[in-house]
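Participant: Let's see this in three dimensions:
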Amino acid sequence: MRDDYALRAFRAIAEHGSFTRAAAALDVTASALSQTLRRLEAQLGTRLLHRTTRRVGLSEAGHELLRRIAPALKELDAAMDALRQHGDRPAGLLRLTVPDVVAIALLDPLLGEFMARWPAVKLDIHVDNGLSDLIAEGFDAGIRLGERLQRDMVAVPVSGPLRSVVVGSPAYFAHHGRPSQPRELEAHDCINFRQASSRALYRWEFAHRSGPRKGQWFELPVDGRLTVNHVPLAVRAAVEGAGLACVLEPFAREALADGRLESVLDDWLPPFDGFHLYYPSRFQVPPKLRVFIDFLRERRQAAAAAQRSGRTGRQRQR
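Facilitator: Predicted coordinates:
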């Protein structure tokens with residue numbers, strides 16, 4: 001039995017929490033995968049997994065083994081990819097972790113074009129609003145807001161500036177009025193958002209619009225009857241009149257365009273740095289990741305050029 005295959009099989013089971021899903025990912029049968037795991041446990045002389053009829057969980061020894069082998073397997077994958085791709089087109093599995101706004105607003109319109117351009121590259125995209133440990137969890141790279149990245153990461157801008165919006169339905173504003181400054185939110189029913197990593201409630205962020213502190217950001221806790229941990233649900237609740245929501249503009253763009261939502265406090269919400277693709281600084285960039293970075297840069301530049309052209313056209317019409 002190849003030790004590296006057995007360890008990869010164990011890693012797949014741990015990541016998927018299921019023999020069936022892991023077997024599908026490895027393109028083997030569940031029974032063959034189960035036999036591989038049993039042989040590995042016999043070889044190591046310890047139980048790695050707790051199995052029940054409903055789920056598979058790691059034992060203490062399993063947790064320790066996964067922690068130790070994940071970085072090594074990651075480096076081995078990178079080395080093998082580099083050898084396979086020497087003098088050839090980029091190929092292999094590219095694993096990414098991204099928040100839902102990136103999946104919806106950035107990647108969704110581009111995936112078909114990228115995969116058509118690089119047919120030998122496979123994508124495995126994990127949508128998660130929390131911060132992932134790239135090495136421990138076996139990801140090649142992640143995409144997050146620049147302000148949330150650790151200092152030891154290489155960060156590449158992949159979106160233009162972003163801004164948040166405070167939105168509510170026309171019916172809500174007709175009944176409750178419109179706040180003209182952030183402090184007036186105390187009188188409104190605000191939809192709270194619970195953050196994935198810290199479990200804390202998100203404190204709405206604003207920037208002073210005038211005076212000596214102009215441009216400086218400040219945080220404001222809000223109150224309301226509804227708390228969610230899913231931004232699209234907050235947007236949907238705002239559309240239904242449940243309260244005001246503070247979200248990144250791409251989430252609310254469609255509802256703002258068709259009038260189901262209206263924004264307030266726009267002058268208190270200037271743009272900020274957008275999303276960055278990041279990877280460990282000691283990580284040698286494999287070709288499959290390099291072409292993905294170059295592709296996102298290319299699309300970003302094309303979008304910026306189109307935006308500039310649109311502004312020029314509107315100015316000429318005036």
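
Participant: just the helices in this protein please.
Facilitator: Assigned helices in the chain, in chain order: 3-16, 19-26, 30-44, 60-84, 100-101, 111-117, 170-176, 231-239, 249-257, 287-317 (criterion: DSSP state H).

Participant: tilt between the first one and helix 60-84?
Facilitator: On the basis of axes from the mean of the first three to the mean of the last three CA atoms, to 10 degrees, helix 3-16 is oriented at 120 degrees to helix 60-84.

Participant: Mind listing residues that contact helix 3-16?
Facilitator: Helix 3-16 has contacts (CB atoms under 8 Å, 6 or more residues apart in numbering) with 19, 22, 25-26, 33, 36-37, 39-40, 43, 48-49, 56, 58, 62, 65-66, 69-70, 73, 76, 137-138. (Each C-beta comes from the backbone N, C-alpha and C, glycine too.)

Participant: quick one on the thing from earlier: out of the helices of the chain, nearest to residue 94?
Facilitator: Closest to residue 94 of those is helix 287-317 (CB to CB; 4.8 Å).

Participant: show me where pLDDT drops low in the protein?
Facilitator: Per-residue confidence for the chain (pLDDT under 70) gives these ranges: 1-3, 52-54, 78, 80-88, 147-151, 197, 281-284, 304, 306-318.

Participant: at 50 instead, please
Facilitator: 1, 87, 314 (pLDDT under 50).

Participant: Now residue 114. Nearest residue, chain neighbours left out?
Facilitator: Ranked by CB to CB, 6 or more residues apart in numbering and with sequence neighbours excluded, the top spatial neighbour of residue 114 is residue 295, at 5.3 Å.

Participant: From the contacts of helix 3-16, keep the buried residues only.
Facilitator: Buried members of the contacts of helix 3-16, counted by 16 or more other CB atoms under 10 Å: 19, 22, 25-26, 33, 36-37, 40, 48-49, 56, 58, 62, 65-66, 69-70, 73, 137-138.

Participant: and stretch 57-65, how far from the chain's centre?
Facilitator: The chain centroid and the centroid of stretch 57-65 are separated by 27 Å under CA atoms, centre = their mean, to the nearest Å.

Participant: hmm, who's touching it?
Facilitator: 10, 14, 17, 44, 46, 47, 48, 49, 50, 66.

Participant: now those in JSON lines, with distance to residue 114?
Facilitator: Converted to JSON lines, the contacts of stretch 57-65 look like this (distance: CB to CB, whole Å):
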{"residue": "10", "distance to residue 114": "31"}
{"residue": "14", "distance to residue 114": "29"}
{"residue": "17", "distance to residue 114": "29"}
{"residue": "44", "distance to residue 114": "40"}
{"residue": "46", "distance to residue 114": "42"}
{"residue": "47", "distance to residue 114": "42"}
{"residue": "48", "distance to residue 114": "36"}
{"residue": "49", "distance to residue 114": "36"}
{"residue": "50", "distance to residue 114": "39"}
{"residue": "66", "distance to residue 114": "30"}
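
Participant: Which one (most neighbours) among the residues you listed?
Facilitator: Of all the contacts of stretch 57-65, the highest neighbour tally under other CB atoms under 10 Å goes to residue 10, namely 25 neighbours.

Participant: Compute the distance between it and residue 217, please.
Facilitator: Residue 10 sits 45 Å away from residue 217, going by CB to CB, to the nearest Å.

Participant: ok, now residue 13?
Facilitator: From residue 13 across to residue 217, the span is 44 Å (CB to CB).

Participant: With adjacent residues omitted, what lies nearest to residue 50?
Facilitator: Nearest residue to residue 50, sequence neighbours excluded (CB to CB, 6+ apart): residue 57, at 4.6 Å.

Participant: got the buried residues for stretch 89-101?
Facilitator: For stretch 89-101, a neighbour-count test (16+ other CB under 10 Å) marks 90, 91, 92, 94, 95, 96, 97, 98, 99, 101 as buried.
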